[in-house]
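Asker: based on what follows, work out the 3D shape:
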Amino acid sequence: MTVVVTGATGNIGRELLRQLAVDGPGPGVRALTRDAARVGAAVPDGVAVAEGDLERPESLKSALDGARSLFLVSGVGDDAGVLDAARQAGVEHVVLVSSITVETHPHLAPARANLAVERRLRAGGMAWTVLRPTQFASNTLWWAQSVRDESVVRVPYADVGLPAVHPADIASVAHAALTGPGHRGRTYPLTGPERISPRQQAHELGRVLGREVACVGIGREAAYGPMAAMMGAEVADSVLDLMGGDVNDALLAVHDTVARVTGSPARTYRRWAEENADAFR
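Answerer: Model (predicted):
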């Protein structure tokens, strides 16, 4: 059995490859990348590197040849085309990373896009497992430069706590779904173990770095400009809604899915900060 992992250098894909490699003899593992020469040295031993571009599904034929399972993060490329290519290649099972916003904010454009991909997957004839994570702990990497330069983070909704999830926990659930029974046809909401606000995250970063990291609350308008320049106006609006402008009980809910599926408790934001402290130094 061969597993193809997209997003091989991303926060989730990199950790999933590590976990699959630790399994040792068993499923063959292919890391999909646009540039095999650049990524090859970064993947774990025993992992093959396959070249292909998610924006050009026709380029995936070789990477998907003989594959039984596919790990796919939605919104990175031509999702519909990738799913069609996987089905045509004989892939039997797809683990899709969608978003919890499909449940909590279905009116937002990114949620509608994710839901469309989920529906296409379910209707495509392949077995499926859908992961719906909440806000990533790794989103705070957006603060890295201001923490390095000024020991300050400037954020809207500084005291709104969401149950941010460690990307490695998403990878662990994906690993379980790809390698174990009982996960096909399941949809899993994924969160961290507790709500944590940006102010609390800044405090945790400070504890890990050994210096105070101040958190300065700013208005939505002040936050919108830089975010829109980075990710586009529509996505910036959606992210700001999720960060606090349109919080509802469903988005605030803490789920025990990680512990139930993997047998290990969900990782805390403090653990993520400890593992990624060098980015803020």
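
Asker: number of residues surrounding Thr179?
Answerer: Thr179 has 16 neighbouring residues, counting by other C-beta atoms under 10 Å. In this view, the C-beta of every residue, glycine as well, is placed from N, C-alpha and C.

Asker: touching, it and Asp23? I think so.
Answerer: Yes: Thr179 lies in contact with Asp23 (C-beta atoms under 8 Å); the separation is 6.8 Å.

Asker: and Ala109, how far is that from Glu92?
Answerer: 31 Å (C-beta to C-beta, to the nearest Å).

Asker: before we move on, what about Val239?
Answerer: Noted for Val239: a distance of 35 Å to Glu92, by C-beta to C-beta.

Asker: neighbour count: these two, which is higher?
Answerer: The neighbour comparison of Val239 against Glu92 (other C-beta under 10 Å) goes to Val239, with 22 against 15.

Asker: what's the nearest residue to Leu20 if we skip its chain neighbours?
Answerer: Excluding the flanking residues, the one nearest Leu20 by C-beta to C-beta, 6 or more residues apart in numbering is Val29, at 4.7 Å.

Asker: burial of that neighbour, as a residue count?
Answerer: For Val29, the count of nearby residues is 25 (other C-beta under 10 Å).

Asker: and it, helix, strand or coil?
Answerer: Assigned with DSSP: H, G, I helix; E, B strand; the rest coil, Val29 falls in the strand class.

Asker: and it, bridged to which residues?
Answerer: On the basis of DSSP bridges, Val29 is bridged to Val3.

Asker: can you check the pLDDT for it?
Answerer: Per-residue pLDDT puts Val29 at 93.

Asker: how about it, what does it touch?
Answerer: By C-beta atoms under 8 Å, 6 or more residues apart in numbering, the residues touching Val29 are 2-3, 5, 17, 20-21, 46-48.

Asker: next, Trp128: secondary structure please.
Answerer: strand.

Asker: what about the helices in the stretch 1-150 of the chain?
Answerer: With DSSP state H, counting those that start in this stretch as the criterion, the stretch 1-150 of the chain has helices at 11-22, 36-39, 61-64, 79-89, 101-104, 109-123, 144-150.

Asker: all strands of the stretch 101-250 of the chain, in order?
Answerer: Using DSSP state E, counting those that start in this stretch, the strands of the stretch 101-250 of the chain run over 127-133, 152-155, 186-190, 214-217.

Asker: so can I have TSV of these showing distance to Arg199, mean pLDDT and mean neighbour count?
Answerer: TSV is the format used below for those (distance: least, C-beta to C-beta, whole Å; pLDDT from 0 to 100; neighbours: other C-beta atoms under 10 Å):
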stretch	distance to Arg199	mean pLDDT	mean neighbour count
strand 127-133	22	98	23
strand 152-155	8	94	20
strand 186-190	23	98	19
strand 214-217	4	96	16
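
Asker: low-confidence bits of the chain, can you list those?
Answerer: For the chain, the stretches with pLDDT under 70 are 25-27, 39-41, 245-246.

Asker: among the helices of the stretch 1-150 of the chain, which comes closest to Pro226?
Answerer: Pro226 lies closest, by C-beta to C-beta, to one member of those: helix 144-150, at 11.0 Å.
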